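Visitor: Quick one, what's the 3D model for this:
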Amino acid sequence: MFWRLWWRSLTIKRPQAGLAIASVLVGAAVASMLLNLYGDVRRKMTQEFRAYGPNVVISPAESAAAKTTGGAGGEAVAGLMDETTTARLDSILARTPGARAVPVLYVVAEIKSANPDSRLQAQNLVAVGTDFAELRQLIPSWGLHGREPAPDQHEVIIGRRVAALLHVRPGDAVELDRLSTSDSDNTARVETWRVSGVLSTGSSEDDQVFLPLAALQQFAGLQGKISLIELSIPGEAPEIERAAREVAAALPGVGVRPIRQIVYSAGRVLGTIRWLTVSLTALILVIIALSVTATMTTIVLERQKDVAVMKSLGASDNLVMRLFMSEGAALGLAGGLAGFALGVGLARGLAERLFHVSLSPTWWTLPAVTLSGMALAVLATMIPVRMVHRVQPATVLKGE
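Guide: Okay, the predicted model is just below:
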């Protein structure tokens with residue numbers, strides 16, 4: 001009997017029930033849109049901040065306190081560490097999807113054009129040994145005129161300002177002279193390299209030359225040595241800090257430093273977006289709750305005679321209240337499901353217009369939005385349904 005009454009209360013023509021569903025639908029649609037947009041904005045912002053370069057640097061322990069400006073153009077640090085550190089690091093980062101590690105070796109060298117007619121003086125610079133393709137994935141904002149160097153072709157990438165000083169371009173040859181910092185090493189080593197591309201970054205990398213790591217190690221006589229390892233760890237500031245602590249615990253004897261400017265700038269932006277999303281969602285749900293409360297109050301007042309008949313037939317106040325609250329939950333469920341679908345559609349349209357990306361639904365928001373719609377409707381029903389206690393069957397049925 002209870003469920004027959006519940007079904008009839010939902011199926012009879014009642015404009016107020018439609019208004020309640022519409023109110024919950026609006027609230028659920030806005031919540032679904034904001035939550036789905038937040039998930040997409042979080043992914044987009046994380047990708048954008050990754051364009052600024054690595055957010056964690058691993059360096060030898062003796063240079064752990066050295067100041068690093070971030071990116072491959074950080075100042076050359078004193079001290080070296082074994083390249084085997086990278087292999088040990090790979091097993092740790094395998095537990096962090098999307099994390100990347102690129103070893104880097106810095107060597108001071110002298111460069112000049114290999115053109116015999118060139119009268120330009122040689123220039124001192126920092127030679128960077130690394131996997132250039134992997135490094136560009138860490139810093140995708142770098143611009144490259146030409147192509148990446150082939151590991152077995154004796155090719156290099158030179159910075160834009162170096163290319164301008166030497167008057168060289170892709171396809172030309174340059175000579176690199178290793179400058180030794182050891183008093184006992186008076187030998188100079190000169191090798192000719194072909195320029196495969198010119199790098200433009202707008203930063204200190206424009207004054208550097210990039211070689212394959214193994215080639216620079218052999219050229220400088222530093223086989224198996226690197227200066228530092230640059231990491232890109234996806235996520236927000238707490239996740240990056242936690243991953244950095246795990247790396248430091250697993251690799252004793254090295255310095256692990258998050259690059260604070262990048263890590264905390266990303267954290268502040270994402271924190272602000274999260275606060276804005278939660279605040280707007282809460283405000284809208286409060287407004288919708290007031291609207292549903294008013295609608296359910298009208299429904300209860302309109303059905304006083306039905307309540308009086310049920311109570312005169314022996315129904316208790318608690319039974320009648322459960323009937324109204326079950327009706328509110330059903331209206332909330334219908335509005336929540338419809339609102340979720342509408343919100344996903346709105347979020348997808350906004351993502352395409354604002355970020356020019358295709359948004360995939362964040363499916364955890366489906367139960368969150370639907371259950372929130374049901375809870376909102378039930379809570380909004382609890383206030384007016386208390387009027388059931390004041391309904392006197394004899395008085396109401398007499399029309400007084």
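Visitor: Can you list the buried residues in the longest strand anywhere in the chain?
Guide: Ranked by number of residues, the top strand in the chain under DSSP state E is strand 100-113. By neighbour count with 16 or more other Cβ atoms under 10 Å, strand 100-113 contains the buried residues 100-107, 109-113. Heads up, the C-betas are built off the backbone N, CA and C, glycines and all.
Visitor: cool, and stretch 191-204?
Guide: Result for stretch 191-204 [16+ other Cβ under 10 Å]: buried residues 191, 193-201, 203-204.
Visitor: Which pair of those residues spans the longest distance?
Guide: 191 and 203 (26.5 Å; Cβ to Cβ).
Visitor: and the buried residues of strand 100-113 as TSV, adding pLDDT and distance to residue 82?
Guide: Formatted as TSV, the entries for the buried residues of strand 100-113 read as follows, by pLDDT from 0 to 100; distance: Cβ to Cβ, whole Å:
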residue	pLDDT	distance to residue 82
100	86	20
101	90	14
102	92	16
103	93	10
104	93	14
105	94	12
106	92	16
107	91	16
109	91	22
110	91	27
111	91	28
112	90	32
113	88	35
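Visitor: These into CSV, with extra columns for distance to residue 320?
Guide: Below are the buried residues of strand 100-113 laid out as CSV (distance: Cβ to Cβ, whole Å):
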residue, distance to residue 320
100, 63
101, 66
102, 69
103, 73
104, 74
105, 79
106, 79
107, 84
109, 88
110, 92
111, 89
112, 94
113, 94
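Visitor: Considering those residues, which is situated nearest to residue 304?
Guide: residue 100 (67.6 Å).
Visitor: just checking, that closest one touches residue 135?
Guide: No. Contact between residue 100 and residue 135 fails when scored by Cβ atoms under 8 Å: they sit 9.5 Å apart.
Visitor: Would you state the strands of this protein in chain order?
Guide: 56-60, 81-82, 100-113, 123-129, 143-146, 155-159, 173-178, 189-200, 208-211, 225-226, 228-232, 254-258.
Visitor: In CSV: the ones you listed, plus distance to residue 297.
Guide: Formatted as CSV, the strands of the chain follow (distance: least, Cβ to Cβ, whole Å):
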stretch, distance to residue 297
strand 56-60, 57
strand 81-82, 72
strand 100-113, 58
strand 123-129, 71
strand 143-146, 64
strand 155-159, 72
strand 173-178, 82
strand 189-200, 67
strand 208-211, 72
strand 225-226, 71
strand 228-232, 56
strand 254-258, 54
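Visitor: Any stretches of this protein with poor pLDDT?
Guide: Low-confidence segments of the chain (pLDDT under 70): 1-14, 39-52, 62-78, 179-188, 260-270, 354-357, 394-400.
Visitor: Got the domain ranges for it?
Guide: If you go by automatic domain parsing, the domain ranges for the chain are 2-47+268-397, 55-258.
Visitor: Please report the distance of residue 94 from residue 258.
Guide: Counting by Cβ to Cβ, to the nearest Å, the separation of residue 94 from residue 258 is 20 Å.
Visitor: Now residue 234: closest residue in space, sequence neighbours ignored.
Guide: residue 98 (4.1 Å; Cβ to Cβ, 6 or more residues apart in numbering).
Visitor: quick one on the thing from earlier: of the strands of the chain, which approaches residue 333 most closely?
Guide: strand 228-232 (43.3 Å).
Visitor: Strand partners (parallel or antiparallel) of that closest one?
Guide: Strands adjacent to strand 228-232 in the sheet, as given by DSSP bridges, are strand 56-60 (antiparallel), strand 100-113 (antiparallel).
Visitor: and these as TSV, adding distance to residue 328?
Guide: Formatted as TSV, the strands paired with strand 228-232 follow (distance: least, Cβ to Cβ, whole Å):
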stretch	distance to residue 328
strand 56-60	51
strand 100-113	51
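Visitor: To residue 15, which of the ones you listed lies closest?
Guide: Going by Cβ to Cβ, the one of these nearest residue 15 is strand 100-113, 58.5 Å.
Visitor: by how many degrees do the closest one and strand 123-129 diverge?
Guide: Going by axes from the mean of the first three to the mean of the last three Cα atoms, to 10 degrees, strand 100-113 is angled at 150 degrees with respect to strand 123-129.
Visitor: quick check: angle from strand 100-113 to strand 155-159?
Guide: 90 degrees.
Visitor: Output strand 100-113 as CSV, nothing but the C-alphas.
Guide: Extracted in CSV, the C-alpha atoms of strand 100-113 (Å, rounded to 0.1, in the frame of the first residue of the first chain):
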residue,chain,number,x,y,z
ARG,A,100,59.7,12.2,-16.4
ALA,A,101,63.4,12.3,-15.5
VAL,A,102,66.1,13.7,-17.8
PRO,A,103,69.8,13.5,-16.8
VAL,A,104,71.9,16.6,-17.7
LEU,A,105,75.7,17.2,-17.8
TYR,A,106,77.1,20.7,-17.8
VAL,A,107,80.6,21.4,-19.2
VAL,A,108,82.3,24.7,-19.9
ALA,A,109,83.6,24.8,-23.5
GLU,A,110,84.7,27.1,-26.2
ILE,A,111,82.9,27.3,-29.5
LYS,A,112,83.7,28.9,-32.8
SER,A,113,82.7,28.6,-36.4
